[in-house]
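Enquirer: The following block contains a protein sequence and its predicted model.
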Amino acid sequence: MTRSLSLIGLGAMGLPMARLLAARGALTVHNRSAARAHALAAEAPSVVVAEAPADAAAEVVLTVLPDLPEVRVLLDGPDGLLAGWRRASVERPMLVVMGTVSAVALRELAAELAAHGVEVVDAPMSGGVLGAAEGRLSIFVGGTGAQVAELAEVLEPCARLVSHMGPTGAGATTKLCNQLVVAETITALSEAFALARASGIDPAVLADALGSGLAGSEALRQKRHHWIAEDFAPGGTIDYQVKDLRYAQQAADAAGIRLRAAETALALFTDASAAGDGGLDHSGVYRQVLRD
């Protein structure tokens, strides 16, 4: 890695990624809550804290944020990324969007920033918080072959696989496909644990049984403790799942297809959010299964 690197967003996914990247070399970080960035710098000497987005205007900027509005907030004004890139005379900076976003809106952002000489690459990821901590993320990239090759090198400490899915927006669409599988799997597992518990079956024994057969999955491996303990402290939240499913529906509408299982999952997660559970881990949709 020869180009300067920064990471913006030290949330549940961004913080463990930053730790792995900082173990390899110099990394600038910016976070809305500066205390978290300074705490990381205290444990990792290679980390430099950027107090404003402009100070994080590296040649490659990774944004690990929930959605595009949070990315757009970083761009404008005297303390924004665009001003920072201009002051640092960075030519063709790469802005990497790693959240789960609308593919339509992502392409619009890329077209806007191309006029400023900024390359926008979508590189959302799958693997959850545990995958981020263990460096086992699967990353879906929309961009050129050269951009994918550079990102594969940049993200090597964090990723098990970096896949070139197609042009700008293809990575975002792939992540929505991933989120369909995740949401529908979480829904099915929630119903399975609800049925088992109501039938007198030990949920821990059920988890072992399901995990050893065709019903086994990474979702079950990472989330089984939530259903067993009926404790849904978050990783990814129900509200984020609602957002992702809505974007998947938008993509399906644009493609002219209907996704019936996704419609059912979206209704269930939306009801869970409306019931006040939006901040719980997405496996907490189990509580809505019990309500229904």
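Expert: Perfect, thanks for sending it.
Enquirer: show me where the protein has helices.
Expert: All helices of the chain, identified by DSSP state H, fall at 14-24, 34-43, 68-73, 81-87, 103-114, 128-134, 145-154, 170-198, 203-211, 218-229, 238-255, 260-272, 285-291.
Enquirer: OK, contacts around Gly235?
Expert: With contacts defined as Cβ atoms under 8 Å, 6 or more residues apart in numbering, Gly235 is in contact with Ala12, Gly128, Val129, Gln222, Asp281, His282. From N, CA and C alone the C-beta is placed, and that goes for glycine too.
Enquirer: same thing with Leu220?
Expert: Leu220 sits next to Thr185, Leu189, Ala207, Leu210, Gly211 when contact means Cβ under 8 Å, 6+ apart.
Enquirer: Number of residues surrounding Gly99?
Expert: Neighbours of Gly99 under the rule other Cβ atoms under 10 Å: 26.
Enquirer: May I have the phi/psi pair for it?
Expert: phi -80, psi 170 (degrees, to the nearest 10).
Enquirer: Tell me the spacing between it and Leu68.
Expert: 8 Å (Cβ to Cβ, to the nearest Å).
Enquirer: same question, Leu7
Expert: 17 Å.
Enquirer: Tell me which of those two has more neighbours.
Expert: Leu7 (29 against 18).
Enquirer: Check the closest residue in space to that one that isn't next to it in sequence and give its pLDDT.
Expert: Among residues not flanking Leu7 along the chain, Leu62 sits closest, at 4.5 Å (Cβ to Cβ, 6 or more residues apart in numbering). Turning to Leu62, the model gives it a pLDDT of 98.
Enquirer: and Val285, how many residues sit next to it?
Expert: Residues within reach of Val285, counting by other Cβ under 10 Å, total 25.
Enquirer: cool, Gly145 as well?
Expert: Neighbours of Gly145 using other Cβ under 10 Å come to 9.
Enquirer: so what's it up against?
Expert: By Cβ under 8 Å, 6+ apart, the contact set of Gly145 is His164.
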